[in-house]
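> What follows is a protein structure lacking sequence information:
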């Protein structure tokens, strides 16, 4: 709804209209009251509450599927690696290929969403993930598995930014949008837990291929729900031709991320570490492409993938850095923590699943509560709580004594799991609402791409560094101390994020207000 439409709606009724409807004269609604009401109402694109629920279900399940294929693969990897004869040094590739491809192509697909519209790419991404999940379950060699995991990542990279784009376009700023994005954020936590739970059951009782086939079934259900419930009345206005693809910037961003993350991740397993020629070469190439990205985006591209206008928003850059670090600590808990519980504490896969139940429960409760209070509590307070929780989670794992010396689940792992969930949920949901509110409609795909790129890069980069730390400590101090070193690194990462949030995390309450487009029209007309 444009500002002019709002003004027309606010005009007082004519005298004749008042006389003809005198017994039912409604009280005149002020502009602020109307904006507040619109922020709470169901979007007009939905014909009913059920259509809204099924549409939101289809989009939040896309977030669930992404985390499902990240977390569960760590659990299913041991039996899979044994059957396909994947060496210890080579296991890093199927484990990271999915996230690496996602993080490297999210901005590209976000821009394509802004050009072609969110619906086609969202449906195509889900279909693509479904196909390659089916194929992955039949993998007969490490090479085939790596290719399937990488191609799965392309599907997720297509539907993640466009899912955020669709929600950000349909919902006005206000309590209803806050609640929807809170549930969207919860889906990631539930997907993490669901991936581990299903992988644990599959690893215990079934062939490892069922992990991928169950994921494909979930993708098919998600696709069917999305196709049936998407508000196609809004489809005509979903295609945006105001932006063009920045091909040179896309190439530079893709190459810089692939080469840099490859070097960091593989350096711990290379024969001579960072002195290995191909590690040094790929890292330098990554830095060169990173510098090229900055030059192209600043001086060459007429429509850059990362427009400067995004970073002129107050505190946007430090907030994205803080979010990257926070999500990195979530990666430490979910990956290193899971491996620590199984290898050092001798917990079975099913036992780890039971230990992680509080993550799903607490994540759901926290997210719903946050959805109801985002318009009441300043974002700065929620971000500080998020940073403190992340520090506390990593600190508990780092200080946890051996199991026979008081290192019980209830005293250490249980509170760490809860704090880790609070740490990532509060910040991710808040930043999703914030970034989709401050950018105009033609940049909603960019918003989804930037946000999800930061999250995926945070996990990839921080886990790459923890892999280096663990490999350097394990030979001298043993397996337990090597994991402890990664947890202490997590304390430092979370602490750095907390400092940034305390200084720059000045996000206001997420109240009902004009959209970014309406504000722009208002400025232009004044």
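Structure's in. What do you need? In this text, all values refer to a predicted model and were calculated from it rather than measured experimentally.
> Just the buried positions in the longest helix seen in the chain, please.
Criterion DSSP state H: the longest helix present in the chain is helix 49-84. By 16 or more other CB atoms under 10 Å, the buried positions in helix 49-84 come out as 51-52, 54-77, 79-81, 84. To be clear about C-beta, it is placed using only N, CA and C from the backbone, and glycine gets the same treatment.
> now do stretch 376-386
379, 380, 382, 383, 384, 385, 386.
> Okay, the last one and residue 493: tell me how far apart.
Okay, so that is residue 386. 14 Å (CB to CB, to the nearest Å).
> contact partners of stretch 67-87?
Contacts of stretch 67-87 with the rest of the structure, by CB atoms under 8 Å, 6 or more residues apart in numbering, involve 91, 94-95, 98-99, 133, 139-142, 145, 149, 152, 156, 187-196, 198-200, 202-203, 208, 211, 215, 218, 334-335, 338-339, 349, 352, 459.
> Output the below-cut-off pLDDT ranges for the stretch 351-500 of the chain.
By pLDDT under 70, the low-scoring segments of the stretch 351-500 of the chain are 403-406.
> downstream neighbour of the helix or strand hosting residue 388 in the secondary structure list?
In this assignment (DSSP states H and E), residue 388 forms part of helix 379-399. Per DSSP H and E, the first helix or strand lying C-terminal to helix 379-399 is helix 414-438.
> how far off helix 379-399 does that next one point, in degrees?
When axes from the mean of the first three to the mean of the last three CA atoms, to 10 degrees is applied, the directions of helix 414-438 and helix 379-399 differ by 150 degrees.
> gap between helix 414-438 and the chain center?
Relative to the centre of its chain, helix 414-438 is centred 10 Å away, using CA atoms, centre = their mean, to the nearest Å.
> And for stretch 33-51?
The answer for stretch 33-51 is 26 Å, by CA atoms, centre = their mean.
> Buried ones in it, by neighbour count?
35, 36, 38, 39, 43, 45, 46, 51.
> looking at the chain, which helix or strand does the model trust least?
helix 15-20 (a mean of 42; mean pLDDT, DSSP states H and E).
> After that one, which helix or strand is next?
From helix 15-20, the next helix or strand downstream (DSSP H and E) is helix 31-38.
> Are there helices or strands packed against that next one, and which ones?
Under the contact criterion of 3 or more CB pairs under 8 Å, 6 or more residues apart in numbering; DSSP states H and E, helix 31-38 touches helix 3-10.
> for the record, mean pLDDT for the helix it packs on?
For helix 3-10, mean pLDDT rounds to 45.
> And stretch 40-55, by the same measure?
Rounded mean pLDDT across stretch 40-55 is 87.
> Going forward, the N-terminal residue is numbered 90.
All set: I'll call the first residue 90, so the last point we hit is now stretch 129-144.
> starting at the chain centroid, how far to that stretch?
24 Å.
> Would you confirm that residue 602 contacts residue 127?
No. Under the criterion of CB atoms under 8 Å, residue 602 is not in contact with residue 127, lying 10.0 Å apart.
> shared neighbours of the two, anything?
With CB under 8 Å, 6+ apart as the test, residue 602 and residue 127 both reach residue 263.
> so what's the most centrally placed residue in the chain closest to, chain neighbours aside?
Nearest residue to the geometric centre of the chain (CA atoms, centre = their mean): residue 541, 4.4 Å. In this structure, residue 541 finds its nearest non-sequential neighbour in residue 249, 4.5 Å apart by CB to CB, 6 or more residues apart in numbering.
> With residue 486 instead?
residue 576 (4.3 Å).
> in what helix or strand does the one you found lie?
Counting by DSSP H and E, residue 576 is part of helix 568-593.
> what inclination does the helix or strand following that helix have with respect to helix 503-527?
Downstream of helix 568-593, the next assigned helix or strand under DSSP H and E is helix 605-614. Using the same axes, to 10 degrees, the direction of helix 605-614 lies 30 degrees away from that of helix 503-527.
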